[in-house]
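Visitor: Predicted model and sequence below, questions to follow.
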Amino acid sequence: MDKDSPRPAPRFEVRFAETPAEILETQRLRYRIFAGELGATIDGGDAQIDADQYDAHCKHLTVREMNSGRLVACTRILTDDRAALAGGFYSSGEFDLKMIDSLPGRVMEVGRTCVDADYRGGAVIAVLWSGLADFITSQGFDYLFGCASIGLEDGGASAHALLDQVKAKYLAPHWQHVRPLIPLPAADARPTQKVRMPPLLKAYFSLGAKACGEPYWDRDFNCADVFVLLNVSDMHSRYARHFMARPRETEVVDSQAIMLSHLPKPV
């Protein structure tokens, strides 16, 4: 391509939801994916939304397709100061978070991340991460944490095999472990096929995050939740160069410029 040729228009835009209607869109997307696609037990009512008491205290980060305006991905951020107003972090319903309270500096929780089934390519998750990185750096956060899920459709055989890999390569030091309130029970069998790490969990580890001990057994979502912690100062430099460019909150991000060739497809 001629260096003087205009760059193609970016396909996606990352920004925070600004109105109740936009937040409602994220709740409907979450319900469609978590309940409709993954079979989670969610009381979504006639409106078919995934909502809880934390939503009002969170910032809701969205990715939209520019041409259609369609919401294609979202995640929510609960900061340390807002968590105090919400009665704690969402993850405190699954783990004992005394370790988080002892961390120096500012912390934020990321959760309810989902991507529309028609857009599960590397570009969308890269754009979402760019928005998260901008918020982390502009607001001066030191740690990011959240849960990444492993499905239990085969009774937990694949989950335990994956957890063995996590313990061997990505385990945090013992002082950074959290205790699950409902531990994952042992599996009766081993997987018969090669297991693949869930894309969101793989993305966390690619950034430099660590797993903080044993997972939580989420019976409503039929999954094992792995608690992961990212020390921003430990973020792998190759990813920091991509994600710490700090575009403005409402700026359009060129997904091709920041997409990583081997970033996993989210589910």
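Guide: Structure received. Source: prediction; values computed, not measured.

Visitor: who touches stretch 28-47?
Guide: 48-51, 71, 74, 112, 114-117, 151, 220-222 (C-beta atoms under 8 Å, 6 or more residues apart in numbering). In short, each C-beta sits where N, CA and C put it, glycine included.

Visitor: again, 7 Å this time
Guide: Defining contact as C-beta atoms under 7 Å, 6 or more residues apart in numbering, one finds that stretch 28-47 is touched by 48-50, 71, 74, 112, 114, 116-117, 220-222.

Visitor: out of those, which is most surrounded?
Guide: Cys74 (25 neighbours; other C-beta atoms under 10 Å).

Visitor: Is that one in a helix, a strand, or coil?
Guide: Under DSSP: H, G, I helix; E, B strand; the rest coil, Cys74 falls in the strand class.

Visitor: Against Gly121, how distant is it?
Guide: 16 Å (C-beta to C-beta, to the nearest Å).

Visitor: Same check on Gln27?
Guide: In this structure, Gln27 and Gly121 are 24 Å apart, going by C-beta to C-beta.

Visitor: longest helix in the chain, by residue count?
Guide: Longest helix of the chain, by residue count under DSSP state H: helix 122-139.

Visitor: which helices and strands does that helix pack with?
Guide: strand 12-16, strand 59-65, strand 71-79, strand 107-115, helix 237-243, helix 255-258 (3 or more C-beta pairs under 7 Å, 6 or more residues apart in numbering; DSSP states H and E).

Visitor: any idea which of the contacts of stretch 28-47 is closest to Ala187?
Guide: Set against Ala187, the nearest of the contacts of stretch 28-47 by C-beta to C-beta is Asn222 (13.7 Å).

Visitor: what sits against the closest residue in space to Ala172 that isn't next to it in sequence?
Guide: Ranked by C-beta to C-beta, 6 or more residues apart in numbering and with sequence neighbours excluded, the top spatial neighbour of Ala172 is Lys210, at 3.6 Å. With contacts defined as C-beta under 7 Å, 6+ apart, Lys210 is in contact with 170-172, 176, 228-229.

Visitor: switch the cut-off to 10 Å
Guide: By C-beta atoms under 10 Å, 6 or more residues apart in numbering, the contact set of Lys210 is 166, 169-173, 176-177, 204, 227-231, 234.

Visitor: which of these tops the neighbour count?
Guide: Busiest of those [other C-beta under 10 Å] is Phe227, holding 27 neighbours.

Visitor: Among the contacts of Lys210, which ones are in strands?
Guide: Using DSSP state E, the members of the contacts of Lys210 that fall within strands are 227-231.

Visitor: Give me the pLDDT for the nearest residue to His57 once chain neighbours are set aside.
Guide: Of all residues not flanking His57 in the chain, Ala86 sits nearest, at 4.0 Å (C-beta to C-beta, 6+ apart). With respect to pLDDT, Ala86 scores 95.

Visitor: I figured Ala86 was touching Gln53, is that so?
Guide: Yes - with contact defined as C-beta atoms under 10 Å, Ala86 and Gln53 form a contacting pair (6.8 Å).

Visitor: For the two, indicate the residue with more neighbours.
Guide: Neighbour count, other C-beta under 10 Å: between Ala86 and Gln53, Ala86 has more, with 18 against 9.

Visitor: rewinding a little: give the contact list for the residue nearest to His57.
Guide: 52-58, 78-79, 92.

Visitor: likewise Val72?
Guide: Counting by C-beta under 10 Å, 6+ apart, Val72 makes contact with 11-13, 29, 62-65, 114-120, 123-124, 127-128.

Visitor: what does Pro173 give?
Guide: By C-beta under 10 Å, 6+ apart, the neighbours of Pro173 are 210, 212.

Visitor: Compute the distance between it and Ile23, please.
Guide: From Pro173 to Ile23 the distance is 37 Å (C-beta to C-beta).

Visitor: cool, and Leu38?
Guide: Computed with C-beta to C-beta, the distance linking Leu38 and Ile23 is 21 Å.

Visitor: Comparing the two, which residue is more hemmed in?
Guide: Shown here are Leu38 and Ile23; by other C-beta under 10 Å, Ile23 has more neighbours (22 against 17).
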